[in-house]
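[1] Got a sequence here, can you model it:
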Amino acid sequence: ENDYNASLIKLIDLANKAHTKLQHSFPPTLTTSHLRKQFRDELSNEDVLNGESNSTVTALLEETESILESVQSTLWSITRHVTLLTPTIEDGNNFGADVQSMVLKFVQERESLISGYMGDLATYFWQRGNCMEKIG
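    Just a heads-up that it's a prediction; the model follows:
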């Protein structure tokens with residue numbers, strides 16, 4: 001049970017870490033016009049025109065990937081924990097087994113989402129390269 005609680009606490013900490021990082025990189029006080037200007041400045045930046053990556057975006061991608069890997073690992077731990085603690089199904093009262101089954105399904109769905117997000121991150125540079133090819 002301690003491992004399970006520690007895993008849940010780790011998930012909450014990772015979510016808070018991601019939220020803080022995004023709030024720092026993209027404060028909610030930024031206006032749309034400010035973001036447009038910032039985007040135009042980046043597009044006119046000589047390094048970007050020569051194919052260099054946006055340092056803010058690259059840093060966020062690396063941080064996000066690290067957080068997603070940690071979340072995925074934690075979800076795997078929770079899956080193992082729930083699987084090992086699933087009570088045997090017997091005639092009659094199977095409430096505990098039903099609950100464990102629903103929790104396991106929920107966690108596995110989240111694992112699938114995280115895997116999808118990680119796949120999306122992996123295609124960022126490919127998509128960026130296609131865009132740069134069209135611009136340049």
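
[2] Give me the contact list for the helix or strand where residue 9 lies.
    Per DSSP states H and E, residue 9 falls inside helix 2-25. Helix 2-25 has contacts (C-beta atoms under 8 Å, 6 or more residues apart in numbering) with 56, 60, 63-64, 67, 70-71, 74-75, 77-78, 81-82. C-beta: built from backbone N, CA, C; applies to glycine.

[3] next one: phi and psi at residue 86?
    With angles defined as degrees, to the nearest 10, residue 86 sits at phi -70, psi 120.

[4] again, but for residue 31
    Dihedral angles (degrees, to the nearest 10) for residue 31: phi -90, psi 160.

[5] Hmm, residue 70 and residue 118 touching each other?
    No. Using C-beta atoms under 8 Å, residue 118 makes no contact with residue 70, being 11.5 Å away.

[6] what helix or strand is the spatially most central residue of the chain on?
    Central residue of the chain (C-alpha atoms, centre = their mean): residue 68, 4.1 Å from the mean position. Per DSSP H and E, residue 68 falls inside helix 55-85.

[7] and the helix or strand that comes right after that helix, which residues are buried?
    Downstream of helix 55-85, the first helix or strand assigned by DSSP H and E is helix 95-122. Across helix 95-122, burial judged by 16 or more other C-beta atoms under 10 Å covers 100, 104, 107, 110, 111, 114.

[8] thinking again about what came up before, show me what contacts the residue nearest to the centre of the chain?
    Contacts for residue 68 were tallied using C-beta under 8 Å, 6+ apart; they are 114, 117, 118, 121.

[9] can you do 10 Å?
    14, 18, 113, 114, 115, 117, 118, 120, 121 (C-beta atoms under 10 Å, 6 or more residues apart in numbering).

[10] Using CSV, write out every CA atom in whichever strand or helix holds residue 38.
    Residue 38 is located in helix 32-44, with elements delineated by DSSP H and E. C-alpha atoms of helix 32-44 as CSV (Å, rounded to 0.1, in the frame of the first residue of the first chain):
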residue,chain,number,x,y,z
THR,A,32,-2.6,37.3,-27.8
SER,A,33,-0.9,40.4,-29.4
HIS,A,34,2.2,39.8,-27.3
LEU,A,35,2.3,36.2,-28.3
ARG,A,36,1.9,37.1,-32.0
LYS,A,37,4.8,39.6,-31.7
GLN,A,38,7.0,37.1,-30.0
PHE,A,39,6.2,34.5,-32.7
ARG,A,40,7.0,37.1,-35.5
ASP,A,41,10.3,37.9,-33.7
GLU,A,42,11.2,34.2,-33.6
LEU,A,43,10.4,33.8,-37.3
SER,A,44,12.6,36.7,-38.2
